[in-house]
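Engineer: build the 3D model from these lines:
(one chain, ligands or ions: 1)
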Amino acid sequence: MTDSLDERLWDGRRVFLTGHTGFKGSWLSLWLHRLGARLFGYALPPPTHPNHFEAAQVRSLFTGHTEADVRDVPRLQAALNAADPEVIFHLAAQALVRTGYAQPHETFEINALGTANLLEAVRRRGRGCVVLIVTSDKCYENCEATREFRETDPLGGADPYSASKAAAELVTAAYRRSFFAPERVREHRIKLASVRAGNVLGGGDWAPDRIAVDAITHLSKGAPIPVRNPDAIRPWQHVLDPLAGYLTLAGSMLRSDDAALCSAWNFGPQHGAEISVRQLVQRFCAAWGGGTWVDQSDPRQPPEAGALRLNIDKAVSQLRWRPCWRLARAVEETVRWYRAHLAGEDMRTFGLSQIDAFESDAIGVPMETAHIRAPGR
Ligand SMILES: NC(=O)c1ccc[n+]([C@@H]2O[C@H](COP(=O)([O-])OP(=O)(O)OC[C@H]3O[C@@H](n4cnc5c(N)ncnc54)[C@H](O)[C@@H]3O)[C@@H](O)[C@H]2O)c1
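Structural biologist: Numbering: from 1, shown residues only. Presented below is the predicted three-dimensional model:
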């Protein structure tokens, strides 16, 4: 994994990110800039106030920054052509399940058609590059089974957000089969993969309806944390873990023409990191040094998936990536970030120190601790 975090691989690389003003995109930008990449971003303004993009002063890391919509095809094409990237990370999305219920049509337009717009811009540009499309663990047909989802499992999605992410996967697979065939990569030089991660924790997220955000917001006010789905089980992970997965995959694709890399990849936590929202909230209270939560389950609220588990065998065995920070550490680092923010620290410096700590810890993670199969698979 650490080979792909090698500065020699990224130094001077032209990287185009959509969604760089968002939570994950701004962390990825911070990391890529630290590795020496030249950054070009395309996104709407940060979706919340406050936000990580501004808190860590990420805007100044960009050589090119376009504030525009992924549905604006001419602007997207122009920004992509001007950036002339070697690597593209597509993170721009309507990223919330509940907003998907409120604005289903827009969610499909941004997430599914937005992905088609980006891939069409890549096709029309006609120049070689590595493209990673960020979807979600929610792209799978979720029959509430207790087993883990593998990359070969059927796509689905009962709610608009989940279905829009499955649709983004289908769009990606269709462009790959039709225009960027992995077995002909030496001719067209366009390498396309999709990446599926679970629910991420980390400093700088203020999105509504995310439990870690609710936890921190209420703990900092000394108020009980409202919990809507205490029994929902999610594969929680620190934001740097899937981002390390994206960097590892993109790095492998830069180095190798192996057709197998141009496919779908899960980047979830270690087996056992899937715990209920109730347990997660208890861990946040403990890491904060006190606090309470209150059950606000409401049978009339829109349904969310009950259990989601990702199988990561493929990334562990084929990329030698593995999750690094266990759940306790992920919660602890998240709490540390918000405490530093409340104390008025420089959050760019603080974030970079967390990336440094993560990188040194990643060197020491033995492969076998990550490669634990779920029972029955
Ligand atoms: N945060 C999570 O737990 C999680 C889990 C799984 C997958 N994901 C996926 O990761 C990606 C990033 O998620 P995030 O948590 O950083 O989301 P976020 O809401 O913080 O950021 C979304 C980004 O997309 C941009 N955007 C939204 N609509 C746009 C549009 N119409 N045109 C251009 N830009 C637009 C926003 O400006 C922002 O930069 C998304 O694709 C999301 O679906 C997130």
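Engineer: kindly report the residues of the stretch 251-377 of the chain close to the ligand.
Structural biologist: Remark: no part of the stretch 251-377 of the chain is in contact with the ligand, using Cβ under 6 Å from any ligand atom. Yep, even glycine has a C-beta here, placed from its N, CA and C like the rest.
Engineer: all helices for the stretch 251-377 of the chain, in order.
Structural biologist: 277-288, 313-319, 327-342, 347-363, 367-370 (DSSP state H, counting those that start in this stretch).
Engineer: report the contact partners of the closest residue to the ligand within the stretch 201-350 of the chain.
Structural biologist: Of all residues in the stretch 201-350 of the chain, residue 207 sits closest to the ligand, at 5.6 Å by Cβ to the nearest ligand atom. Counting by Cβ atoms under 8 Å, 6 or more residues apart in numbering, residue 207 makes contact with 23, 47, 48, 95, 96, 213.
Engineer: neighbours of the fourth one, how many?
Structural biologist: Spelled out, it's residue 95. Residue 95 has 22 neighbours, counted by other Cβ atoms under 10 Å.
Engineer: show me what contacts it?
Structural biologist: By Cβ under 8 Å, 6+ apart, the neighbours of residue 95 are 22, 47, 161, 207.
Engineer: what about the stretch 101-250 of the chain, any weak spots by pLDDT?
Structural biologist: Across the stretch 101-250 of the chain, residues meeting the criterion (pLDDT under 70) sit at 144-145.
Engineer: what's the helix or strand for residue 226?
Structural biologist: strand 225-227 (DSSP states H and E).
Engineer: where does pLDDT dip in the stretch 251-377 of the chain?
Structural biologist: Low-confidence regions of the stretch 251-377 of the chain, defined by pLDDT under 70, span residues 302-307, 364-377.
Engineer: I'd say residue 140 and residue 156 touch.
Structural biologist: Yes - judged on Cβ atoms under 8 Å, residue 140 makes contact with residue 156 at a distance of 6.1 Å.
Engineer: more crowded one of the two?
Structural biologist: More crowded of residue 140 and residue 156, by other Cβ under 10 Å: residue 140, with 27 against 14.
Engineer: can you tell me the closest non-neighbouring residue to that one?
Structural biologist: Closest residue to residue 140 apart from its sequence neighbours, by Cβ to Cβ, 6 or more residues apart in numbering: residue 149 at 4.4 Å.
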